[in-house]
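Visitor: Provided below are the primary sequence and the corresponding predicted coordinates.
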Amino acid sequence: MRKSIPVFEVLEAGLLTTVQDLGRFGYQKYGVPVSGAMDLFSFKVANLLVGNTEGEAALEITGLGSVKLKVLTAAAVALTGADLTAMIDGSPVAMWRAIKVEKGEILSLGRPRKGFRAYLSVAGGIDVPVVLGSRSTYFRAKIGGVEGRPLKKGDIISSFLPEKLPGAILRRYLPPDFIPDLTGQVEARVIMGPQDDYFTEEGIRIFLNSWYEILPESDRTGYRLTGPRIAHKDKQDIITDAIPLGAIQVPGDGLPIILMADRGVTGGYPKIACVAGVDISKIAQLKPKDKIKFKKIDVREAHRLLKAESEKLSRIAEILDGQSRKPFKKRYKVSMEGETYEVTVEELPEQKERDKIPWMKRRFAVGVNNVSYEVVVEEAGEDLSEDKTSLPVLEAAPPAAEEEVIFAPFPAKVLSIKVKRGDMVKKGQILLTLEAMKMETEISAPRDGKVREIFVKEGEMVDTDSRLLTVG
Amino acid sequence: MIIFFTIFKKMPEKEIKNLIAGDRAVFIEFANKISPEVNRKVHVMASAIERRKIEGIIEVVPTYRSLCIYYDPLIIGLEELLEKVDKIGNTLGEIKVPSPKVFEIPVVYGGEYGPDLDFVAKHNNLSPQEVIKIHSGKNYLVYMFGFSPGFPYLGGMDERIATPRLKTPRVKVPAGSVAVAGGQTGIYSVETSGGWRIIGRTPVKLFNPDKDPPVPFLPGDYLKFVPISEEEYLRLKDK
């Protein structure tokens, strides 16, 4: 049995943070969707960075709302995928590399700057029960992940104990050439069919020559698009059949839907084309209002691309393992009570027979004036750097502004406005509700005051940082 | 005891179509219609492929009239895959499969368990008792699973109780709800939203993720609805 330890306490969960792995295979014939990480490239790299195999469970954090995780045990972690303004205790965090988080630190993520889904891996992998062969959350049937649902405040996330030395893990970083460029525009390659014969020639021409925009109703099930409509020849329904990942359905309204990780196993709309496997991860990073265009390739070309992608991941794994092998070795001059010592410190690599060294136990060869010692440093669990003697710091309250403008935290639809201009509101009172990716979120008053201005109407679409209202 | 029997002595396979569905799936389409015969071929093909354990095939998904084969192109090439699948298709007539089973599904009809029973009756100029009699009076073929985990697509409902869907779907339909939509009947396997007319509820768990397989019956089997009392429903539910 693998041992696990609590690593994070969820202080804020955001709108959609789930545990995912590579997906649940072998159960689609019983109607169970595959699920799994939406951006599999970023997900796999996140695991490789912390020395895991590519399929260990990790967190998928959507760029919707604020996420705050309190570190319960020092751990090696990595963040990949979308840039969601990640911070540790208020300082920016390096992405695409293994980093150490310390007990008591708070890792926060929020506004999406680039991309839409971030992955947080932990050395050892996240420990949640395996349901039907996978740890992936499929919340519509309440299976996988943490109790079959997205994370919520108060959840404790545990990870398995890693087998690699932390020192070896923390040297890992992804060379910049491999980091995907997330621009909010994707030209996705597609393989036509299986039901492209349901569409007119003109319909197919439009499909392959138009830019489409991502609608806010998009979610882990699928991306709904708006743009030029694609005409059916005659019938708009097929006899229900299977839906592969990336299949592009066109229902009667002529607007395409790209089916993603949480798609139903089967469906009754004709599929004009399927996205090439290598381009799914790029689509997974699109957010509402981003743009997509489709380019036709044949299945052989798609297979060549998949092979190249798989070779790229093997190459990344090799590079990262190479970084781990480079041992820590340094020379110091240490002066103690007037005497100077020449000290060399070298971290010893894992030994085959002894590589079950527990987490946070590191072995060093320390040479002092040419005498060599083997030193084992083991974490005893107590962080002595926590300053227990100092007085509680009074948080300086920011000067009260005349009015406070409340901005939209992400692109969304204004579902309902609960206040009118001139209303007196209390801190924490719900002002309005927004809807994005089929999830509702409430915006509450940051302080007591009067609603001075309302800039939006119910049903209106707003962008990140659009002004919603002012309270003063 | 499982009884084996041979089907499709001489099956013309000319109408079988292979359709490319992206770079990791192919559809073997047997016909473009819903019929028990066509569906039977799909399931025989599915179990034949599964038993062959071909390296590179990830899983197969049988539906009404086609079989979707998910494969890993890094392990098996498309040509090689289709060649192997064609070979299996040509020998379908010789494949022995277990005969289908009939599963009894106890249902408490009407009342709070089947809030739309009266509507279905009125819509068809029948009494609620007649609706129950017609609905529980025959065996339904499980064509496939889909829509949600463990949701069976059933065939063969009597047109006399056909009823259109709700205009506005219910936000929450309890798991186990037995329902009618158009000329179809089905059982909600997990709690979800839905617009079918609910006429009853079964205590049978249609989707149990703690079991493998997570479903109590398989595609190709038949279901028979058996009316039960509320007391019996509660007793079975607690089991």
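Guide: It's in.

Visitor: from here on, contacts and neighbour counts on C-alpha atoms
Guide: Noted.

Visitor: briefly note if the biggest helix by length in chain A comes near chain B.
Guide: As assigned by DSSP state H, the longest helix anywhere in chain A is helix A:299-325. Yes. Between helix A:299-325 and chain B, judged by C-alpha under 8 Å from any C-alpha of the partner chain, the touching residues are A:299, A:302-303, A:306-307.

Visitor: biggest separation within those residues, which pair?
Guide: Between any two of the residues of helix A:299-325 next to chain B, the greatest separation by C-alpha to C-alpha is 12.3 Å, found for A:Val299 and A:Lys307.

Visitor: what about the two, which has more around it?
Guide: A:Val299 (19 against 15; other C-alpha atoms under 10 Å in any protein chain shown).

Visitor: could you find the closest non-adjacent residue to the more buried one?
Guide: B:Asp23 (5.7 Å; C-alpha to C-alpha, 6 or more residues apart in numbering or on different chains).

Visitor: hang on, that neighbour is in a strand, isn't it?
Guide: No. Remark: B:Asp23 does not belong to a strand; assigned using DSSP: H, G, I helix; E, B strand; the rest coil, it is coil.

Visitor: these two touch, right, it and A:Ile191?
Guide: Yes. At 7.4 Å, B:Asp23 counts as touching A:Ile191 under the criterion of C-alpha atoms under 8 Å.

Visitor: can you pull the buried residues of stretch B:82-101?
Guide: B:85-86, B:88-89, B:92-93, B:95, B:97, B:100 (16 or more other C-alpha atoms under 10 Å in any protein chain shown).

Visitor: report the distance from that stretch to the chain centre.
Guide: 20 Å (C-alpha atoms, centre = their mean, to the nearest Å).

Visitor: close to chain A, is it?
Guide: No. With C-alpha under 8 Å from any C-alpha as the criterion, chain A is not reached by stretch B:82-101; the gap is at least 13.7 Å.

Visitor: export that stretch as PDB, just CAs?
Guide: Output in PDB follows, covering the C-alpha atoms of stretch B:82-101 (Å, rounded to 0.1, in the frame of the first residue of the first chain):
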ATOM      1  CA  LEU B  82      -9.000  -2.800 -40.200                       C
ATOM      2  CA  GLU B  83      -7.600  -6.000 -41.700                       C
ATOM      3  CA  LYS B  84      -7.900  -7.800 -38.300                       C
ATOM      4  CA  VAL B  85     -11.400  -6.400 -37.800                       C
ATOM      5  CA  ASP B  86     -12.500  -7.400 -41.300                       C
ATOM      6  CA  LYS B  87     -11.300 -10.900 -40.600                       C
ATOM      7  CA  ILE B  88     -13.300 -11.100 -37.500                       C
ATOM      8  CA  GLY B  89     -16.300  -9.700 -39.400                       C
ATOM      9  CA  ASN B  90     -16.000 -12.400 -42.000                       C
ATOM     10  CA  THR B  91     -16.300 -15.100 -39.400                       C
ATOM     11  CA  LEU B  92     -19.100 -13.600 -37.400                       C
ATOM     12  CA  GLY B  93     -21.400 -16.400 -38.600                       C
ATOM     13  CA  GLU B  94     -19.300 -18.900 -36.700                       C
ATOM     14  CA  ILE B  95     -19.100 -17.000 -33.500                       C
ATOM     15  CA  LYS B  96     -20.900 -18.400 -30.500                       C
ATOM     16  CA  VAL B  97     -22.400 -16.000 -28.100                       C
ATOM     17  CA  PRO B  98     -24.300 -16.500 -24.800                       C
ATOM     18  CA  SER B  99     -28.000 -16.300 -25.400                       C
ATOM     19  CA  PRO B 100     -29.600 -13.100 -24.100                       C
ATOM     20  CA  LYS B 101     -31.000 -13.000 -20.500                       C
END
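
Visitor: what's the average pLDDT for it?
Guide: Here stretch B:82-101 scores 84 as its mean pLDDT.

Visitor: for the residue lying farthest from the centre of chain B, which non-adjacent residue is spatially closest?
Guide: Of all residues in chain B, B:Leu74 has its C-alpha farthest from the mean position, at 32.1 Å, by C-alpha atoms, centre = their mean. Spatial nearest neighbour of B:Leu74, excluding adjacent residues (C-alpha to C-alpha, 6+ apart): A:Lys307 at 6.4 Å.

Visitor: and that neighbour, what's its pLDDT?
Guide: Reported pLDDT for A:Lys307: 97.

Visitor: make sure it is actually in contact with B:Ile75.
Guide: No. Using C-alpha under 8 Å, A:Lys307 is not in contact with B:Ile75, being 10.2 Å away.

Visitor: helix or strand for the closest residue to B:Pro106 other than its chain neighbours, which one?
Guide: Counting by C-alpha to C-alpha, 6+ apart, B:Val226 is the residue found nearest to B:Pro106 once chain neighbours are left out, at 4.6 Å. Assigning secondary structure by DSSP states H and E places B:Val226 in strand B:222-227.

Visitor: next one: that strand to chain centre, how far?
Guide: The answer for strand B:222-227 is 14 Å, by C-alpha atoms, centre = their mean.

Visitor: repeat that for stretch A:104-121.
Guide: Remark: stretch A:104-121 is offset 7 Å from the chain centroid, using C-alpha atoms, centre = their mean.

Visitor: start to end distance for that stretch?
Guide: Using C-alpha to C-alpha, to the nearest Å, the end-to-end distance of stretch A:104-121 comes to 18 Å.

Visitor: quick check: bridge partners of residue 60?
Guide: I went with chain A, as the question did not name one. A:Thr18, A:Tyr119 (DSSP bridges).

Visitor: not quite, go with chain B.
Guide: So, taking DSSP bridges as the rule, B:Val60 has B:Ile69 as bridge partners.

Visitor: I figured it hits B:Ala48, correct?
Guide: No. Contact status for B:Val60 versus B:Ala48: not in contact, 10.6 Å apart, counting by C-alpha under 8 Å.

Visitor: which one's more surrounded, those two?
Guide: Shown here are B:Val60 and B:Ala48; by other C-alpha under 10 Å, B:Val60 has more neighbours (24 against 19).

Visitor: what sits against the more buried one?
Guide: Contacts were defined as C-alpha atoms under 8 Å, 6 or more residues apart in numbering or on different chains; by that measure B:Val60 touches A:26, A:28-29, B:46, B:50, B:67-70.

Visitor: relative to A:Val368, how far out is the residue farthest from the centre of chain B?
Guide: B:Leu74 is 53 Å from A:Val368, by C-alpha to C-alpha.

Visitor: A:Gly55 now?
Guide: For A:Gly55, the distance to A:Val368 - C-alpha to C-alpha - is 43 Å.

Visitor: do the helix ranked longest in chain B and chain A meet at all?
Guide: Here the longest helix in chain B is taken by residue count, with DSSP H as the criterion, and it is helix B:36-52. No. Residues of helix B:36-52 are not located near chain A by C-alpha under 8 Å from any C-alpha, the shortest gap being 9.8 Å.

Visitor: helices and strands around that helix, which ones?
Guide: Judged by 3 or more C-alpha pairs under 8 Å, 6 or more residues apart in numbering or on different chains; DSSP states H and E, helix B:36-52 is in contact with strand B:57-62, strand B:66-71, helix B:78-90, strand B:139-145.
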